[in-house]
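A.B. asks: Sequence and computational prediction follow.
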Amino acid sequence: MKPAADWDRVTELLEQALEQPAEGRQAFLDHNEPDPAIRAQVLKLITTWDKDPHFLDLNLNVPAKAGPWVIGREIAKGGMGRVFEAVHEDPSLSRRVALKIIGTERFTPNLLESFLQERAILARLEHPAIGRLYDTGTTPQGLPYFAMEFVDGITLDKWLAKRNPGPRARVQLILAIAEAVGYAHQNFVAHGDLKPTNILVTPNDEPRILDFGIGRLLNTSDAGHLPMLTPSHASPEQLAGRAITASSDIYQLGLLLRDSMQARDRELEAIVERCLKPNPSDRYPNVGMIVADLRAWLDQRPVSVLAPTLAYRASKWIRRSPFGAALVLALIAGAAGTSWQAYRAERQRLENIRQFEETRRFTRNLLAGIDNVPAAAQAAIVKNTVAMLEGLTIPKQQNPQLLLEAANAWGLLGNIQGLPSSKNLGDTKGALRSFEKAIALAERARPDLPRESIEMLADLLGRTAILEHHVNQLDRVAELKNQLQSAILALEAFGNSISLANAYTGLAIVEATTNRRAAIPLYEKAIDTYSQVGKGTTQQRALALKRLGAILLVENRLDEGAKRYQEALAIERSIQASPMNISFTLSDLALVNRRRKSYPAAIALYREALALRESAHSLDPSDNHASTSLASILSRLAATLAEAGQPEEAVAMQRRVLSLQQKLSQSQPDTASVQHTLAWSYLNLANLLGQLKPPPPPAEAKELRRQAASLSSRFPLAELTAELKKQGISTP
Amino acid sequence: MGSCFNGPMEGSASPAPITGLLQIWRAGDQSAQGALFDAIYPELRRLASSRIRGLARNSTIHPTELIHEAWIRIAKNTGMSFENRNAFYAATAMIMRRVLVDRARNRGAQKRRDSGDWPVESFTSPEFDLPSINEALEALELVCERQARQVDLRFFGGFSAEEASNILGVSTATLKRDWLAARMFIRHFLEHGRT
């Protein structure tokens, strides 16, 4: 999909950008990355991180206990941390709390200190609508926690949606919230993050405000850190990074009131408007006045904010309101959408066939060359192709040939979207959808063009089954397998063809996912059919032979396996397959021979593979991949030689392995796995030396083991230590 | 599944095939790994599946232990060398994922905690949809296989960060950076799908 280099860059930038203060991230990216596509990718991930920084974060281990609290089930997970149900370790207290663990790297030691200073004040807040804070402290990992009153209730937004209270009940609830906020303000504590999810409503319709003071504590962060606020519920001055004041709470109360309102109400709208003034000095001067206005509304008395120019104010409010704006946008978008659809329908009606031909050319040409276009363009091409194909309506009386063309186009598209065995965009769902459409179209063509449509169906069913297996829909795989079997039965009636052979292969691959042995006769049929069809099937035949060879090898039917691999090898040689590819086949065939103890054959094959890899290596000695491949075949050859009783040459081979591994280790000095492989190379050579007759002086083996031990102490690995111990070496 | 598979895996008189299979797979070459791996896949899958299914509800067996155990057993019986150990771990973690996702699909919304501190289980909260995460991982595989493998190892295989860095052969710094990007890729994918 994307070149790995690009994604490595995205990965690197993401980490660096998140080390910047929030407001500096955009500038950081602009400054450091010229490619706008990469910047956009990083920004997307940053937005995701802002929402849910701890997603899948296994580092955020949940301790069994925090302070005196024994942690139980998780109640909620949010951007700031996770909330657990917890009980006091002293059962006689029988106190149940909601324990919030703040999991953030942004919680600096400075912040922790100010938090500890203020917690005494917070713990003093006692109000029926404020969730009590019982205790704070830090977990064994050093993360701050808050033990709060456990409230049996649902969040305000859920309460509104589920209970659907009347207008008075809604205002009464907001009033109770405002009263509690007023009480806290008198105690010099602002909330700072009043939002529906921070307010629980009990079964008695009483509100409990959670996290009082926590938002404020977290927001008095040292400069340069993003305050942990909720952007949709933050006041303008909070967004501007200024400290939380009582006025921010007034703003957020306004939002709560606005969002609780069911129907338009002029007086309540006026109250909301005053709360939401951008400039704090234009808002209510204190919460007490909001409380008074809400009481007045409940008593049907005039509210303080109601001015003579109400109609004007209201209309202004609507225009300013985000709802109004959204509505206008939706209308514009809707109108555009409708006319576009009408246009498309008309065009389709008039040009159905011509458009179809266009589509055919379009998919054929573009999809054929898609490998060579950049990832972003590939995605766009696929998207456009889907839109074009979706737009096609093929009438019943349509030429069946065209139905098959469309089926073919969907099939090609599906391959590019997500067929695992080929280069694809990883869109499994999209691919399955495309295959489904292709199958439906091919089915429609079946009465008129039985053979062609069944050939196509068999092909599509096989590919769909592999994809469904890939996503573990095993029931669906079984179903498709049955369909594929009946398609094969139908195809067999038409005699041998490449399509039939491909269908056997397809069924064999599907079978092999669950029942390896059942695949054997199918591969045999496929290979047989390819041979009978002849021309143009060699490559497919070689592949089927190798797959069958692998299965026979696994089934320990070594002679048969060897035969298949030999045939595959002969084909690959005759069609001049790539040397690397041939070396792989040689190596597999050598393995079969090694297992059936035909050592001379195995050794000869390994040598041939070795020669091919030697030349790849000599082309570019600095290519780590070529070096690794070479070392790998050398070590297999060395092991086989030793098994065959030729330790002298085995030692020589293993010396080369060692020298290659030493070079690899120098080029990747910090990569543990490379260092481990080097350590094993030392040990393997030491062991082979022991097989020589007469045995050489022990000094060299000792030195090799010492080298291995030294690596093992720098890159510890249990098995390496165990092996060294077995050989009588203790690691420092 | 064909009846012929009930024998070897369930410990009949047949030689323990998994051992031989893994030996073959290990000895096979990289490109052949495709064909060979396909060939041994049914057994590996059954092994993982039966072990996971066999775990008692309150068992605290960790998948890492299962994987280590399988490795040690195989290495001991076959004299398997160290060379392919990491590939084995990575492949086994991937199979663990497939089995778990499959199981999550089959049992639908039914949740249970049955394997101690296994991260997969402790993350089985309602918003944690394994099949979707699997899909996201498949997308990530195409963008950066190294990162997808890390998620497999740590999330499904239960390996620690340090172990994963050894298995993948990457430095701790790369591992950390990859982990962040991989998590955010999956999170973004879950919300927006493929973009």
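C.D. replies: That came in fine, so what should we check first?
A.B. asks: What lies in contact with stretch A:601-614?
C.D. replies: Stretch A:601-614 is contacted by residues A:579-580, A:582-584, A:586-587, A:589-591, A:593-594, A:626, A:629-630, A:633-634, A:636-637, A:640-641, A:644 when judged by C-beta atoms under 8 Å, 6 or more residues apart in numbering or on different chains. In short, each C-beta sits where N, CA and C put it, glycine included.
A.B. asks: Stretch A:483-495 too?
C.D. replies: With C-beta under 8 Å, 6+ apart, stretch A:483-495 has contacts from A:450-451, A:454-455, A:457-458, A:461-462, A:465, A:497, A:499-500, A:503-504, A:506-507, A:510.
A.B. asks: before we move on, the earlier item: got a quick ChimeraX command for the buried subset of the contacts of stretch A:601-614?
C.D. replies: Buried members of those, defined by 16 or more other C-beta atoms under 10 Å in any protein chain shown, are picked up in ChimeraX with:
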select /A:580,582,583,584,586,587,589,590,591,593,594,626,629,630,633,634,636,637,640,641,644
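A.B. asks: Just the buried subset of the contacts of stretch A:483-495, please.
C.D. replies: Buried among these (16+ other C-beta under 10 Å): A:454-455, A:457-458, A:461-462, A:465, A:497, A:499-500, A:503-504, A:506-507, A:510.
A.B. asks: any idea how far chain A is from B:Asn134?
C.D. replies: The gap separating B:Asn134 from chain A is 7 Å, by C-beta to the nearest C-beta, to the nearest Å.
A.B. asks: Excluding sequence neighbours, find me the nearest residue to that residue.
C.D. replies: B:Val101 (4.3 Å; C-beta to C-beta, 6 or more residues apart in numbering or on different chains).
A.B. asks: since we're on the one you found, how many residues are nearby?
C.D. replies: For B:Val101, the neighbour count with other C-beta atoms under 10 Å in any protein chain shown is 22.
A.B. asks: tell me the contacts of it?
C.D. replies: Applying C-beta under 8 Å, 6+ apart, the residues near B:Val101 are A:472, B:130-131, B:133-134.
A.B. asks: Return the member of those residues nearest to A:Asp157.
C.D. replies: B:Ile133 (26.6 Å; C-beta to C-beta).
A.B. asks: isn't that closest one right up against B:Arg183?
C.D. replies: No: applying C-beta atoms under 8 Å, one finds B:Ile133 not in contact with B:Arg183, separated by 10.7 Å.
A.B. asks: tell me which element the residue of chain A found nearest chain B falls in.
C.D. replies: Taking C-beta to the nearest C-beta, chain B has its nearest neighbour within chain A at A:Ser673, 3.3 Å off. Per DSSP states H and E, A:Ser673 falls inside helix A:672-691.
A.B. asks: Kindly report the same for A:Val97.
C.D. replies: strand A:96-102.
A.B. asks: Parallel or antiparallel, list what pairs with that strand.
C.D. replies: strand A:81-88 (antiparallel), strand A:144-149 (antiparallel) (DSSP bridges).
A.B. asks: Give me the contacts around that strand.
C.D. replies: A:62, A:66, A:69, A:71, A:75, A:80-88, A:131, A:134-135, A:139, A:143-151, A:210-211, A:214, A:218.
A.B. asks: re earlier: look at the residue of chain A closest to chain B and report its pLDDT.
C.D. replies: Per-residue pLDDT puts A:Ser673 at 74.
A.B. asks: Same question for the one 5 residues further on.
C.D. replies: A:Leu678 is assigned 91 on the pLDDT scale.
A.B. asks: Tell me if I'm right that it and A:Ser710 touch.
C.D. replies: No: counting by C-beta under 8 Å, A:Leu678 does not reach A:Ser710; the two are 10.7 Å apart.
A.B. asks: the more surrounded of those two?
C.D. replies: Ranked by neighbour count (other C-beta under 10 Å), A:Leu678 and A:Ser710 place A:Leu678 first, with 24 against 14.
A.B. asks: burial measure for whichever residue of chain B sits closest to chain A, as a count.
C.D. replies: Relative to chain A, the nearest point of chain B is B:Gly169 (3.3 Å; C-beta to the nearest C-beta). Taking other C-beta under 10 Å as the criterion, the count of residues near B:Gly169 is 18.
A.B. asks: quick one, what contacts the nearest residue to it once chain neighbours are set aside?
C.D. replies: In this structure, B:Gly169 finds its nearest non-sequential neighbour in A:Ser673, 3.3 Å apart by C-beta to C-beta, 6+ apart. Shown in contact with A:Ser673 (C-beta under 8 Å, 6+ apart): B:86, B:166-169.
A.B. asks: center of chain A, which residue is that?
C.D. replies: Taking C-alpha atoms, centre = their mean, the centroid of chain A lies closest to A:Leu56, which sits 10.3 Å from it.
A.B. asks: deepest of the strands paired with strand A:96-102, which one?
C.D. replies: Of those, the one with the most neighbours on average (mean count of other C-beta atoms under 10 Å in any protein chain shown) is strand A:144-149, at a mean of 23.
A.B. asks: Next secondary structure after that one?
C.D. replies: Strand A:144-149 is succeeded, C-terminally, by strand A:154-155 (DSSP H and E).
A.B. asks: From the chain's centroid, how far away is stretch A:427-439?
C.D. replies: Its chain's C-alpha centre and that of stretch A:427-439 lie 21 Å apart, by C-alpha atoms, centre = their mean, to the nearest Å.
A.B. asks: What mean pLDDT does that stretch get?
C.D. replies: 89.
A.B. asks: cool, stretch A:254-261 as well?
C.D. replies: Stretch A:254-261 comes out at a mean pLDDT of 92.
A.B. asks: Please list all residues in contact with A:Ile75.
C.D. replies: Taking C-beta under 8 Å, 6+ apart, one finds A:83-85, A:98 in contact with A:Ile75.
A.B. asks: got those residues as TSV, with distance to B:Arg97 and pLDDT columns?
C.D. replies: Converted to TSV, the contacts of A:Ile75 look like this (distance: C-beta to C-beta, whole Å; pLDDT from 0 to 100):
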residue	distance to B:Arg97	pLDDT
A:Val83	28	79
A:Phe84	27	84
A:Glu85	30	84
A:Ala98	33	87
